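Colleague: Build me a model from this:
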Amino acid sequence: MFSLNTFPKVSIIISTYNGIRYIGETIESVRSQTYTNWELIIIDDGSNDNTCEVITSIKDERIHLCKAGRIGINGRIKNIGLSKSSGELIAFIDHDDLWAPAKLEKQVAALEQFPEAGFCLTGGYNFKDAGQPVNYFYKQNKGISVDHIFLSFFRSEISAWTQALLVRRECIEKAGAFNENSLFADPEFIVNLSSHFKAVMLYEPLVYHRLHDNSYSTIKWVQCHNQGLDIIRKYKNNRLLPISVARDALFRSHINFGEKYLFHKERRKAILHFYEAWKNKPLSIVPFKKTAKAILYTFKK
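Modeller: As a prediction, this is how the structure comes out:
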């Protein structure tokens, strides 16, 4: 389907906003890659700290900084990065995350080995302290597979991390770029790719996602969950997602959303999501147990 040169150029895109605390370490993670034919395009989203000074202090002709001004929309920022990129392959990394040194090398080799695949995803883990995994993306931590994975996202079998992605440029040109109207465009972008192309899955943990209180997904968790629900409904409505798979996905999403509201001590909203979960699987007793837990906890308070 597609072919690669022996050493295709990889364009790596970072979007950052006030990333001074972590971005130096992230850039060094890129510079430490065993695969060296890359360019790093950093789109600064109007930082008001010394992020740009940290970036420009690193002397590497492969690093390019673009000061975009304050935009605040993840998809639009990444599309600016895409417009400035020149590589045959595209990768992404957040300004607070890290890569294993062989991440790009192994992904480029995988796409060379499997030309029928349009993109590659790797395993990884969440961490708070460098080198100390909190939990892994997948139970499986080795092996490789090539297949269509569209339904796997909705079955919670695959995680949609752009940090773990390497994609052929022509695939983006066919499937489309990031949704510029979405705060959390990353999952939708990868799911959309999977609706068009096969993927190579490298289960080895090659991506390290940093957990901290100021991460976007932590601060904007409500919007993040709502977008997940919107993606499920979108593919359900356009009939790419079977009804049974959509209902199971909506059930799990509402349960998780409710649990998150319980964690934030918003019992009424939690119960509403447990009710929505029940509507998708009326025979399940899980929503009743979760609701009872929420009610009992309220009375104890």
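
Colleague: what ranges of the stretch 201-301 of the chain fall below the confidence cut-off?
Modeller: 215-217, 297-301 (pLDDT under 70).

Colleague: burial measure for residue 135, as a count.
Modeller: 8 (other Cβ atoms under 10 Å). (Each C-beta comes from the backbone N, C-alpha and C, glycine too.)

Colleague: Distance of it relative to residue 41?
Modeller: According to Cβ to Cβ, to the nearest Å, residue 135 and residue 41 sit 30 Å apart.

Colleague: Could you do residue 162 as well?
Modeller: Distance, residue 162 to residue 41, using Cβ to Cβ: 14 Å.

Colleague: Now residue 62. Nearest residue, chain neighbours left out?
Modeller: residue 39 (5.2 Å; Cβ to Cβ, 6 or more residues apart in numbering).

Colleague: got the buried residues for the strand or helix carrying residue 120?
Modeller: Assigning secondary structure by DSSP states H and E places residue 120 in strand 117-129. Neighbour counts over strand 117-129 (16 or more other Cβ atoms under 10 Å) mark 117, 118, 119, 120, 121, 122, 123, 124, 125, 127 as buried.

Colleague: farthest pair in those residues?
Modeller: Using Cβ to Cβ, the buried residues of strand 117-129 span at most 29.2 Å, a distance reached by 118 and 127.

Colleague: quick one: low-confidence ranges for the stretch 1-150 of the chain?
Modeller: 1-5.

Colleague: After the lengthiest helix in the chain, which helix or strand is next?
Modeller: Taking DSSP state H as the criterion, the chain has its longest helix at helix 243-263. The first helix or strand that comes after helix 243-263 along the chain, using DSSP H and E, is helix 267-280.

Colleague: so what secondary structure elements neighbour that following helix?
Modeller: With contacts defined as 3 or more Cβ pairs under 8 Å, 6 or more residues apart in numbering; DSSP states H and E, helix 267-280 has these neighbours: helix 243-263, helix 286-300.

Colleague: Check those for me and report the most buried one.
Modeller: Highest mean neighbour count among the helices and strands packed on helix 267-280 (mean count of other Cβ atoms under 10 Å): helix 243-263, with a mean of 18.

Colleague: Tell me what angle that helix forms with helix 267-280.
Modeller: Here the directions of helix 243-263 and helix 267-280 differ by 170 degrees (axes from the mean of the first three to the mean of the last three Cα atoms, to 10 degrees).

Colleague: name the helices or strands packed onto helix 243-263?
Modeller: Using 3+ Cβ pairs under 8 Å, 6+ apart: helix 243-263 touches helix 150-154, helix 221-237, helix 267-280, helix 286-300.

Colleague: Residue 190 is nearest to which of those?
Modeller: helix 150-154 (7.7 Å).

Colleague: Tell me, how many residues neighbour residue 156?
Modeller: Counted with other Cβ under 10 Å, residue 156 comes out at 12.

Colleague: residues near residue 169, how many?
Modeller: Here the count is done by other Cβ under 10 Å, and residue 169 has 18 residues near it.

Colleague: who touches it in this structure?
Modeller: By Cβ atoms under 8 Å, 6 or more residues apart in numbering, the residues touching residue 169 are 85, 87, 88, 89, 90.

Colleague: Turn those into TSV, columns for secondary structure and neighbour count.
Modeller: Putting the contacts of residue 169 into TSV (DSSP: H, G, I helix; E, B strand; the rest coil; neighbours: other Cβ atoms under 10 Å) gives the following:
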residue	secondary structure	neighbour count
85	coil	21
87	coil	18
88	coil	18
89	strand	24
90	strand	23
